[in-house]
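> Sharing a sequence plus its predicted fold:
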Amino acid sequence: MTNLTTARAILDQLIAFDTTSRNSNLALIEWVEAYLAEHGVTATRVANQEGNKSNLFATIGPAVEGGVIMSGHTDVVPVDGQDWSSDPFVTVEKDGKLYGRGTSDMKSFIALTLAYVPAFVNGSKPIHLAISYDEEVGCLGAPAMIEEMKVRVPAPRLAIIGEPTLMKLVTAHKGISVFKVEVRGAEAHSSLVNHGISANEHAIDLMHSLIELSRTLKANADPDSGFDPPYPTLTIGLMNGGEAGNILAGHAEFQFDLRCPPGYVTEELLAPFKARCEALDIELSERFAQAGVTFTKIADAPPLSDAGSEDAIAFVQSLTGENSPPSKVSYAAEAGQFQQGGFPTVICGPGSIEQAHQPDEWIAIDQLEQGCRFMERLAEELR
């Protein structure tokens, strides 16, 4: 059985696990544990607080310094409301493509790494497999695993995060911070505006100030940042408020994210907005005890910078054979968390981000073939 055939078979199995972020990923974790055990590899779980999800890491080969972390997330985005032409959790081959939720983002990378475990076991330097949960909802799972790996894994040479990049090298990504703002008003008949507080009115006012901040960030962009778009982006993705058209809204809330290239400090950018929320909270609560504003950070993942990862970049370039300059991407990933943990980190994996999260998500079989060549060169390098 060739490694491509093995990778295909493993991918079929991984796709069959519905690891949408709202679900448990333990069935997939158990399957990977059993697969590794067949090859004499012991894995370590790092579970979430509820115990219904888990990260997993394992050292494949000798427990010595100078190895390579190969990391990917197990969770996928929902298929609800999407128009799929086949079962999203059954891999379907058609016209040189493999269809299924997670084929591109990013179970193919995990499948390729697992397919080469027999080759990695015999290396003089190790591969450290690291798979996480809840990347898609804010990169929530990986930090606890990274802390464990810092203590228990011999210092690696680099970490490769297998997000879909068409097997091209990515050396930087934006960070992401996600926030929720809740405005509590006081309900009253809409004709008696002096008898209550419209939470909607104040929420809209706060959102307007965020839109102004977004425009300022765009106007002050560094056109040579290498990112597309080149500036920090702020988007309001969710908003909700009110119960009826003739009632002053008693409650309103909205959620926004801020995605910054390396070099920006999110807290500094949002400090005036946070201060405004705090002042409004006091103002509203003085009028009605139940009224106020709550500003909450939901998720926070740091950016990835190419600074300090020169050796990792050169190493991966030797594996891909690419001579073109590395790219920078505007999406967030766990790579920044690995770098923050002290590991020189890059991104490189099969598939395209353009297919990620889409109905009929797919990966070209050619991408798996390129991934196999990458893994073969990596295994040879580790010997």
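Received, thanks. Note that the structure is a prediction, hence the values are computed from the model and not measured. Numbers count the residues shown, from 1 in each chain.

> And Asn220, how far from Tyr264?
11 Å (CB to CB, to the nearest Å). C-beta here means a position set from N, CA and C on the backbone, and glycine is covered the same way.

> Looking at those two, which has the bigger crowd around it?
Each of Asn220 and Tyr264 has its neighbours counted (other CB atoms under 10 Å); Tyr264 has more, 17 against 9.

> before we move on, which element is that one in?
Using DSSP states H and E, Tyr264 maps to neither a helix nor a strand.

> what do you get for Glu33?
helix 26-38.

> In CSV, list the C-alpha atoms belonging to that helix.
Output of helix 26-38 as CSV, limited to C-alpha atoms (Å, rounded to 0.1, in the frame of the first residue of the first chain):
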residue,chain,number,x,y,z
LEU,A,26,-13.2,12.4,21.3
ALA,A,27,-14.1,9.7,18.8
LEU,A,28,-11.5,11.0,16.4
ILE,A,29,-9.0,11.4,19.2
GLU,A,30,-9.5,7.8,20.3
TRP,A,31,-9.1,6.6,16.7
VAL,A,32,-5.8,8.5,16.3
GLU,A,33,-4.6,7.1,19.7
ALA,A,34,-5.3,3.6,18.5
TYR,A,35,-3.5,4.2,15.2
LEU,A,36,-0.4,5.5,16.9
ALA,A,37,-0.4,2.7,19.4
GLU,A,38,-0.3,0.2,16.5
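
> quick one: buried residues of it?
Residues 26, 28-29, 31-33, 35-36 are the ones in helix 26-38 that count as buried (16 or more other CB atoms under 10 Å).

> with those in mind, which one is nearest to Glu212?
Leu28 (44.0 Å; CB to CB).

> from the chain's centre, how far out does stretch 131-149 sit?
Remark: stretch 131-149 is offset 9 Å from the chain centroid, using CA atoms, centre = their mean, to the nearest Å.

> follow-up on the earlier one: which helices and strands does the helix holding Glu33 pack with?
If you count contacts as 3 or more CB pairs under 8 Å, 6 or more residues apart in numbering; DSSP states H and E, helix 26-38 packs onto helix 3-16, strand 43-47, strand 54-60, helix 108-115, strand 127-132.

> Spatially nearest residue to Phe288, not counting backbone neighbours?
Ala186 (4.1 Å; CB to CB, 6 or more residues apart in numbering).

> Would you enumerate the residues in contact with the one you found?
Going by CB atoms under 8 Å, 6 or more residues apart in numbering, Ala186 touches 196-197, 248, 250, 287-288, 290-291.

> redo that, cut-off 10 Å
Counting by CB atoms under 10 Å, 6 or more residues apart in numbering, Ala186 touches 195-199, 248-250, 284, 287-291.

> same thing with Ala188?
194-198, 247-248, 250, 288.

> Surely Asp18 touches Asp80?
No: contact status for Asp18 versus Asp80: not in contact, 11.8 Å apart, counting by CB atoms under 10 Å.

> Which residue of those two possesses the greater neighbour count?
Asp18 (18 against 7).

> Not counting residues beside it along the chain, what's closest to that one?
Here the residue nearest Asp18, using CB to CB, 6+ apart, is Phe89, at 5.3 Å.

> Show the buried residues in the contacts of Ala186.
Listed as buried from the contacts of Ala186 are 196-199, 248-250, 284, 288, 291; burial here means 16+ other CB under 10 Å.

> Return the subset of the residues you listed lying in strands.
Under the assignment DSSP state E, those contribute nothing to strands.

> can I get the residues you listed in JSON lines with pLDDT and distance to Asp105?
What follows is those, written out as JSON lines (pLDDT from 0 to 100; distance: CB to CB, whole Å):
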{"residue": "Gly196", "pLDDT": "97", "distance to Asp105": "46"}
{"residue": "Ile197", "pLDDT": "98", "distance to Asp105": "43"}
{"residue": "Ser198", "pLDDT": "98", "distance to Asp105": "41"}
{"residue": "Ala199", "pLDDT": "98", "distance to Asp105": "37"}
{"residue": "Leu248", "pLDDT": "97", "distance to Asp105": "43"}
{"residue": "Ala249", "pLDDT": "98", "distance to Asp105": "38"}
{"residue": "Gly250", "pLDDT": "98", "distance to Asp105": "40"}
{"residue": "Leu284", "pLDDT": "98", "distance to Asp105": "42"}
{"residue": "Phe288", "pLDDT": "97", "distance to Asp105": "46"}
{"residue": "Ala291", "pLDDT": "98", "distance to Asp105": "42"}
